[in-house]
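> turn this into a model:
(chains A, B, C and D)
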2 protein chains.
Amino acid sequence: MQRLIAHISKFVELTEEDRETILSLMQYQEVKKKEYLLRQDAICNANYFILKGVFRKYYIDEKGSEQIIHFGIDNWWITDYDSLDRRIPSQYFIQAVEHAEVAVLDWRVQEELFAKIPALERYFRLILQRAYAASMQRIRYIYDFTGEERYYHFSSLYPEFLQRIPQYMVASYLGFTPEFLSKIRAKKI
Amino acid sequence: MQRLIAHISKFVELTEEDRETILSLMQYQEVKKKEYLLRQDAICNANYFILKGVFRKYYIDEKGSEQIIHFGIDNWWITDYDSLDRRIPSQYFIQAVEHAEVAVLDWRVQEELFAKIPALERYFRLILQRAYAASMQRIRYIYDFTGEERYYHFSSLYPEFLQRIPQYMVASYLGFTPEFLSKIRAKKI
DNA sequence: GTCTTTTCTTGAACTCGATTAAGTTTTGGC
DNA sequence: GCCAAAACTTAATCGAGTTCAAGAAAAGAC
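Below is the predicted model:
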């Protein structure tokens, strides 16, 4: 859980008392491979800080196949903000790709925490700013580059990732079919 | 400027004093068609609330052509958060598509305002949450639908928009060429 | 260690949308 | 009101990536 405190401290200043408050109100949770933090149609009840492991956030598209829109890795928060905040059913699944550990911030606790520690409201504003910028960047990649270019970019950015997660998940995240990914790999080797 | 106050009040509670503080620290500005609020390589100095008009946020892609990543319309904020907050050169242009009026929140004033009115920090957290969710939704549209489907979806969602802005901008925003948009329209009529 | 499930590969036919290169229509400046 | 610039259309050709279908390899389960 110290990783969470360290992360927050990179963005805002916390007193020793703040730290204790945060630790006392958040919970540590282990998540087994393939377990879900959230399922479609459920109302999201927490924001999760990933201490260790990998999660995927996906939905079922028109044709009934899984489409990954986001990977969550160490030191990122993962949730469905829309469902969490507006208390509406989620369109997404959040599932552990491998054994993981998270810090859980329940939505009922969140308000209490913001009231006690205003710096946290700021911290989340900054986190969201980054997430928003990252998702703009993602749209740029989709528009500017071909599938092949996106794959090479992704594999040079997160080489260890390709070892840890199934190829078909990478294909889904990058927006093409597993067959096409196979073809790209065949070309290179 | 009352539209801004009304918008903020939809998300957080403001006292009469808060309102006056906000109005005193923000500036009203008219922006002529084709004028820029931000240019590539400049550091973004403000967050703009659009009172009236339409803006486009775009960048120049690898091939040297303009790629629109976002439209800003009445009652939305538009800025480059990454550049604004981290004081780094922007990758984007923000340009008025038609004559517009904005409320300007300068970055040096922003901190002062957050200190005086903590509710505003919360307001921006909520705004960013929405923007982030919207951009996720955008990625979904790109992945799930063909260009033609995206066009029909867009035109049913914002019919008045198609009248107000050039087609080639719609094509750029939707991620295809103006020629292809012409083809879609020819098919239907 | 074998059996089942999951993941990955290969190839042929096909489709969506890009590119190129005209020509046409609309808009706006003066 | 006229001219130039900006915006839109049409058509032929081409390529990135999909779909379908089958088989091979790897990973768990017991």
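> give me the buried positions along the helix or strand of chain A with the lowest mean pLDDT.
Lowest mean confidence among the helices and strands of chain A (mean pLDDT, DSSP states H and E): helix A:159-164, at a mean of 87. By 16 or more other Cβ atoms under 10 Å in any protein chain shown, the buried positions in helix A:159-164 come out as residue A:161. In short, each C-beta sits where N, CA and C put it, glycine included.
> do the helix ranked longest in chain A and DNA strand D meet at all?
Across chain A, the longest stretch assigned as helix under DSSP state H is helix A:118-144. No. Using Cβ under 7 Å from any atom of the strand, helix A:118-144 never reaches DNA strand D; the gap is at least 9.5 Å.
> near DNA strand C at all, that helix?
No. Applying Cβ under 7 Å from any atom of the strand, one finds helix A:118-144 separated from DNA strand C by no less than 8.9 Å.
> and the next element down the chain from that helix?
The helix or strand immediately downstream of helix A:118-144 is helix A:147-157, counting by DSSP states H and E.
> near DNA strand D, which residues of chain A show up?
Within chain A, the residues that sit near DNA strand D (Cβ under 7 Å from any atom of the strand) are A:63, A:146-148, A:175-177, A:179-180, A:183.
> tell me the centre residue of chain A?
Central residue of chain A (Cα atoms, centre = their mean): residue A:72, 2.9 Å from the mean position.
> right, and that residue touches residue A:52 too?
No. Contact criterion Cβ atoms under 8 Å: residue A:72 and residue A:52 do not qualify, at 11.4 Å.
> all helices for chain A, in order.
Going by DSSP H, chain A shows helices at A:2-11, A:16-25, A:81-86, A:107-116, A:118-144, A:147-157, A:159-164, A:167-174, A:178-188.
> which one of those lies nearest to residue B:20?
Taking Cβ to Cβ, helix A:118-144 is the member of the helices of chain A nearest to residue B:20, at 21.9 Å.
> what mean pLDDT does the closest one have?
Averaging pLDDT along helix A:118-144 gives 94.
> for stretch A:165-180, same thing?
Looking at stretch A:165-180 alone, the average pLDDT works out to 94.
> one more: stretch A:19-33?
94.
> now do stretch A:53-68
For stretch A:53-68, the mean pLDDT works out to 89.
> buried sites along the longest helix of chain A?
For helix A:118-144, burial by neighbour count (16+ other Cβ under 10 Å) applies to A:120-133, A:135-136, A:138-140, A:142-143.
> would you mind listing what in chain A touches DNA strand C?
A:166-169, A:178-179, A:181-183, A:185-186.
> do that again at 10 Å, thanks
A:33-34, A:66, A:97, A:143, A:162-163, A:165-172, A:177-187, A:189 (Cβ under 10 Å from any atom of the strand).
> buried subset of those, written for PyMOL?
The buried residues among those can be selected in PyMOL (16+ other Cβ under 10 Å) with this line:
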select buried, chain A and resi 97+143+165+169+170+171+172+181+184
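> need the contact list for residue A:168.
Residue A:168 makes contacts with A:178, A:181, as judged by Cβ atoms under 8 Å, 6 or more residues apart in numbering or on different chains.
> same check, this time on residue A:110
residue A:47.
> look up how far DNA strand D lies from residue A:44.
27 Å (Cβ to the nearest atom of the strand, to the nearest Å).
> I'd guessed that residue sits against residue A:38; true?
Yes. Using Cβ under 8 Å, residue A:44 is in contact with residue A:38, at 5.2 Å.
> give the residues shared as contacts by those two.
In contact with both residue A:44 and residue A:38: A:79-80, A:83, A:90, using Cβ under 8 Å, 6+ apart.
> now, those residues that are in strands?
Among the shared contacts of residue A:44 and residue A:38, no member falls in strands (DSSP state E).
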